[in-house]
Structures are given as structure tokens and as C-alpha cells.
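**Student:** Sequence and predicted model, in that order:
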Amino acid sequence: MDTEGFHRSRCHRRYRRQLVAIIPFTCKPGIPRELSIKVGGKGEDRRLRFYRGQRSSSSASIATVVRCIATGERKTRNAELVMESAGAEMVDPKSTVGGGVQDIYGEDRATEDHLVAPWGLSVASGYSLLRDPHHNKGLAFTEKERDAHYLRGLLPPAYLSQELQEKKLMHILRQYQVPLQRYMAMMDLQERNEKLFYKLLVDNVEELLPVVYTPTVGEACQKYGSIFRRPQGLYISLKDKGRIHEVLRNWPSKTIQVIVVTDGERILGLGDLGCQGMGIPVGKLSLYTALGGLRPSACLPITIDVGTNNEKLLNDEFYIGLRQRRATGQEYADLMEEFMSAVKQNYGEKVLIQFEDFANHNAFHLLEKYSKSHLVFNDDIQGTASVVLAGVVAALKFVGGNLADHTFLFLGAGEAGTGIAELIALEMSKQTNISVEDCRERIWLVDSKGLIVKSRNEFLQTFKKPWAHEHEFVRDLSDAVKVIKPTVLIGSSGAGRTFTQEVIEAMASFNEKPIILALSNPTSQSECTAEEAYTWSKGRAIFASGSPFNPVEYNGQTFIPGQANNAYIFPGFGLGLVMSGAIRVHDDMLLAASEALASQVTKENFEKGLIYPPFKNIRKISAHIAAKVAAKVYDLGLASRLPRPEDLVKYAESCMYSPAYRQYR
């Protein structure tokens, strides 16, 4: 390449400019990562510094997008060219989770003809490097790095390791008394120093999980318009109809492997929060990286804004979404169809699309429609079901009996309740070889109107009809408990304090160890507190909740309530799909995830009242879940990453993103 001609023709003589060029070059083993080339001309001394990826498996001539920065006056210029992947660090071409997997079936080639936008690259030097959250290390840059990357003078002279930075930030976070302040501090850190954010979250997951996700994320979504500072994902609205493919291409990273999308209509138990539901996809994908090990640049949060029916938001001067009533019917369906098609066109067949917090009437329809053509997963229906099934299976290991020996009663017959019930019926059928239809007879649901029975069939929504059994109608939950006599009581209603003292005392009257799961989020919507469950059952309840509760002391014994948090399942589940190259989700994969999670619960955990393993081991747990899910993908013939690794657990661990700082040479 005529570098002198390129520099002379493209770089202005007097002003600092940033230019993008495609430069072919050859990477060979043994060549240093940093290569300096002198370019002379007309008495001028110019240096071009090249940085390439850490590893190259073979000699290969490749085209790499680089950025040229020309500075200085007429006589002397320094030009620096920095080679990077699109908006992220270079990745090993053989790394599955890195996004550079050899594409056997061609699905990933959908992006080959996409030009990388100039703003999708970061200038890895000087002031710009310190403003790049993907590569910034703050005071952890060494003396050598400060010289090599023109940071001398831009940082105080002290050196602080990542461990010391982590210690300092945890000290600061613990000073905040208001949870939302901690949330905002963590979001600021994510936008400033990505690796430190994830290191902090991985090492302190039990303390920080309630900060970056439930219950604090609920308040963050309610106030998202007021605390909004900079976009953390893509906003696709009705205004973008006909241009969604173009909008997706505006996102800097092109190697997307997981998308979490919401339309904001049913955020946790808080209802319609419209465009402000973005906090949910952002939080979920933070956990995909911290707990499941997917690269941050492979994750894309998206909010579909079709309006909101929340009057308070429509009248809020700081609301950041469309100020109109929600679109419904064909208008909504057409926008979602265009979105799903554009995602597949942009990112290929194997991108995982996770639906999050859609209202019941849309959630079931979207999952059913697109599960045949896309790799889709609904966390509220399938993720919740998988984690609850795991807790029940773990509890039964110690209580005794199998699923078919127990009777289940649900308060709540929405997407979570029916999703859990269906997965329990599937697992029960698998264990007993009894039909799923017969297994459903052991499971009863109560909705806002009362017990779901055959006499109500004419007025029931379609997804509730499989749960309508022959029985007299009962209106109240307490009466339903007394007549059904369940051994397992599960709350997914979104209605707080509905497991009353009468209900729990009734459960304890005919069960030696009643299993009580109060799953609704956030904490204010939980069906009962841990203290109420243990006190009213006289310390005999096996309890877990959706939101975290503090340990409870009763009669000299300390109980540690478990948390049936979807974060146990979806990060490892997603990793398993990605690392196997799954092209569809099958119910057997969800059952495999549940079995893997239940197997991690020890007798020591159960003696403390836990039916889930401690979150401090979540990365190890996620690796085991990913391995079991991937194994099922291969068994079902739905994998495209071939050949199958011999040790899937070790392979899962090797695929996981590390938040540790790396040395820049």
C-alpha cells in the first residue's frame, strides 16, 4: 500500500482529523504485536504504529479496519493506526463465545457486507483511550503502557491495581444508604470502566445482584426518565417502521449473540413503564456477562417503544418515550415482524432473542409464533419455570417423593404461573411415563377471579384452559388451599401479601414440611415475607422468594431464605445455546437446565433452609448448566458448532469472558 500517498491525500496539513481506511496486511506467527514503520517523504519523519490481535492461528492475509489520526503542523506529523474489532477487543477466531467461530452453515455471514461505521471504532491512545469504557483501566495503566499509549500526564502518577480499585469502589458503594444511588453508581462505572464493573459484580455477586437487578432495577425503571444519562441499548419505536434494519446497523458491534428485548408493558410487578423498561434488558445482559461469561460486545439490549397506557408517564415532562397510547393489533404485529426479520438478517440464524416483560397477551403469541423460525426464549415463561422447577426438585430430594407424589397450587395464572406449571407437568411426565395431560391433573391454578375449573372454560383465556379441572368453583385462595390441600404453594400473582397467616397456617396443618414459594417481584409485591412464612409455619416451611430477604431467626434457629432468581438459569442457559450453536430452543433444554441447577444443591445448603446453591458459586453453576444444555442441543441434533467438545464443562469455562485487565503493549 502507498502509505505516503494515502497520508498525503487524506490527512489535512493543519488540523487534527480522524479517518478510516481498509488496509490489507499479513499476520504471521512470531511477528510482534506492535509494529512500527517509518514513512518518509519530503524530509518529513512520520511513524505509523500498528496494533494487531493477540493471537493468529495461521498465516492469513486479512482486511482490517483501522483509524488514522494525523496531528501536528506542516513539518512533522505523527500518524497512529489502531486495528480493532468492531467496537470491541480483538477475539480469537476459534473462540465460540468470542463471536469469530468458523461458520459451517453460513448463518453468521449475514454481516460480511456491512461497513463498519467510523464511530464504531475506538482510538486506542491518549485521552480517547481513557474515555473508552471497553479498554480504560484508570490508574491501572503501567508506566510502560502510559508511554506506549500517550497517557503520560493524563493520569496522576500513582498506580492502582484492579484489586485495589475494586476495594475502593466497594467501600464507596457501601456508604450509600439509598439503593438507587448504588444502582446509578454502578451504571456510571459500567460506562466508564467496563472490565472493572464486571470484576466488581463477579467478585461481589451476592451483595451487588440486588443492586443491578431486582429489586432495585424496578425503581430504576420507574424513574428512568429522570436518571437517564446516555443510551445503553437500542430504542426502536413506531417512528422507525420500515427502517429497523437500518437502525440495527447503527449499533457498533456486529458480532451480536444475545439480544434481550422488551416492550415495557409488564415490567416486573410494576405494570406498563413504556420506554423506561430499558433498565430490564440492560440489567439482564449485565448478568449474561457477569454470571454467564458472554462478551459484553456480544450482547444487545433493545426496547420496542409502541407507546404506553401509563397516564403518569404520558404526563411526565421527563418521560423519554413516545407520548401516545400503546399500539395494538396489526400495527403492533407488523412492527414485531419487521424487527424479528431484521434481527435475523443482521445477525444470522444463531442469535438468541430473549423476550422480557411482555404482557401475557403478547408474550405467549410471540413465543409460539417465532419459536419455529428463530432462536427465541421467554425468560418470564421459560426461565422462571426452569428455576422454580429446579428449586422444587432440590427440595424433594430432602422432603421425599417425586413430583407425581405432590399436589401443586398456584396463585397467579399468567405467563409465569402457567409456564412453571407446564414445565413441572413435562418433568413429571418424563419421570413417570404418564401423559402430560394426566400430569396436569396434579396442578391447580388460582387467578384473580378464583380457582380455575371447567365451569369457567367459556370465559378463560386460551393459555389457561389446559388447567381447568373438574371441581366446584372456589373464589378465595385460603378456601382453595383448604379443599385442594397442596404440598407445594407457588405465588406468581404480582400481588403483595396474598399469602396470609390463614393460608400459611393451613399449609402447615396438613404438611410436615410445606413448600412455599413467593415469587413475585419486586419485594413490595412478594406474596409474603420470609419472616411471615417461617413464623406462621412454626419454622417448618421450606421457603424461597423472587426477591432477596434477610436471614430469619425463629426459636433459636437461623433460616436463610433462598431466592428463586432467574439469574440462576438464563446466563448459563444462554451460554449453552451460544457455545453449541443452537438454532432452536426445545423444552428438553429447559429440563436439562433445571436438573443441572438442582444437582448443585447440597445437604448442607438444605439444612440452612436453602433450596438453591449460594450465588457466590454462580459462574461454576452457570458452566454446569451450559454444559447440560449444550449436551441436550447436540443430542437433539440442533447444534451447529461441530465437532462436539469432549468435556463440555471445561469448554464452557474456557469460553467465559474474563473481566481481568489485560496488558496493552
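**Tutor:** Everything's here; your move. Numbering: from 1, shown residues only.
**Student:** Give me the below-cutoff pLDDT ranges for the stretch 201-350 of the chain.
**Tutor:** The model of the stretch 201-350 of the chain has no residue with pLDDT under 70.
**Student:** where do the helices sit along it?
**Tutor:** Using DSSP state H, counting those that start in this stretch, the helices found in the stretch 201-350 of the chain span residues 205-212, 216-222, 224-227, 244-249, 279-292, 311-314, 329-347.
**Student:** Can you give me every residue that contacts Tyr657?
**Tutor:** By Cβ atoms under 8 Å, 6 or more residues apart in numbering, the contact set of Tyr657 is Val97, Tyr198, Thr289, Gly293, Leu294, Arg295, Pro296. For the C-beta atoms, the positions are set from N, CA and C on the backbone; glycine is no exception.
**Student:** ok, how many other residues are close to the fourth one?
**Tutor:** Neighbour count of Gly293, defined by other Cβ atoms under 10 Å: 28.
**Student:** Then the one 3 residues further on?
**Tutor:** The tally of other residues near Pro296 (other Cβ under 10 Å) stands at 21.
**Student:** Once you drop chain neighbours, what's closest to it?
**Tutor:** Of all residues beyond its chain neighbours, the one nearest Pro296 is Thr289 (5.1 Å), with distances taken as Cβ to Cβ, 6 or more residues apart in numbering.
**Student:** Now do the same contact list for the one you found.
**Tutor:** Counting by Cβ under 8 Å, 6+ apart, Thr289 touches Tyr198, Arg295, Pro296, Cys299, Tyr657.
**Student:** and if you look at Thr407?
**Tutor:** If a contact means Cβ under 8 Å, 6+ apart, then Thr407 has Arg442, Ile443, Trp444, Ile484, Lys485, Pro486, Thr487, Val488 as its contacts.
**Student:** Name the nearest residue to the fifth one, sequence neighbours excluded.
**Tutor:** In space, not counting the residues next to it along the chain, Lys485 is nearest to Phe510; the distance is 5.4 Å by Cβ to Cβ, 6+ apart.
**Student:** Do a quick rundown of the strands in the stretch 101-250 of the chain.
**Tutor:** 234-237 (DSSP state E, counting those that start in this stretch).
**Student:** And the stretch 501-650 of the chain, by the same measure?
**Tutor:** Assigned by DSSP E, counting those that start in this stretch, the strands in the stretch 501-650 of the chain fall at 515-518, 542-545, 552-554, 557-559, 562-563.
**Student:** possible to save the ones you listed as a markdown table with mean pLDDT, distance to Glu207 and mean neighbour count?
**Tutor:** As requested, these are exported to a markdown table (pLDDT from 0 to 100; distance: least, Cβ to Cβ, whole Å; neighbours: other Cβ atoms under 10 Å):
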| stretch | mean pLDDT | distance to Glu207 | mean neighbour count |
| --- | --- | --- | --- |
| strand 515-518 | 96 | 22 | 27 |
| strand 542-545 | 95 | 18 | 27 |
| strand 552-554 | 93 | 19 | 15 |
| strand 557-559 | 91 | 19 | 14 |
| strand 562-563 | 90 | 13 | 26 |
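**Student:** Any idea which of the ones you listed gets closest to Leu189?
**Tutor:** Smallest distance to Leu189 across these (Cβ to Cβ): 24.0 Å, for strand 562-563.
**Student:** in its sheet, what does the closest one sit against?
**Tutor:** Strand 562-563 sits in its sheet next to strand 542-545 (parallel), going by DSSP bridges.
**Student:** quick one: Ile516 and Thr529 touch, right?
**Tutor:** No: the criterion here is Cβ atoms under 8 Å, and Ile516 misses it with Thr529 at 11.2 Å.
**Student:** Can you say which two of the contacts of Thr289 are spatially most distant?
**Tutor:** Checking those with Cβ to Cβ, the most distant pair is Tyr198 and Cys299, at 11.5 Å.
**Student:** Can you pick out the residue with more neighbours from those two?
**Tutor:** Set Tyr198 next to Cys299 and count neighbours by other Cβ under 10 Å: Cys299 wins out with 26 against 22.
**Student:** With adjacent residues omitted, what lies nearest to the more buried one?
**Tutor:** Of all residues not flanking Cys299 in the chain, Leu285 sits nearest, at 4.1 Å (Cβ to Cβ, 6+ apart).
**Student:** show me the residues around the one you found that make contact.
**Tutor:** Leu285 touches Val258, Val260, Pro296, Cys299, Leu300, Pro301, counting by Cβ under 8 Å, 6+ apart.
**Student:** Which residue is the nearest non-sequential neighbour of the first one?
**Tutor:** Which is Val258. Sequence neighbours aside, Leu352 is the residue nearest to Val258 in space, at 4.7 Å (criterion: Cβ to Cβ, 6+ apart).
**Student:** ok, now how distant is the one you found from His171?
**Tutor:** 37 Å (Cβ to Cβ, to the nearest Å).
**Student:** Compare these two and say which is more crowded by neighbours.
**Tutor:** Set Leu352 next to His171 and count neighbours by other Cβ under 10 Å: Leu352 wins out with 25 against 9.
**Student:** Look up how far Phe570 lies from that one.
**Tutor:** Distance from Leu352 to Phe570, counting by Cβ to Cβ: 10 Å.
**Student:** Which neighbours do these two have in common?
**Tutor:** Contact criterion Cβ under 8 Å, 6+ apart; residues shared by Leu352 and Phe570: Phe377.
**Student:** Show me the domain layout of the protein.
**Tutor:** Annotated domains of the chain cover 126-194, 215-378, 380-564, 565-639 [the TED database].
**Student:** so how far does the longest one reach from one end to the other?
**Tutor:** It refers to domain 380-564. Start to finish, the residues bounding domain 380-564 are 12 Å apart (Cα to Cα, to the nearest Å).
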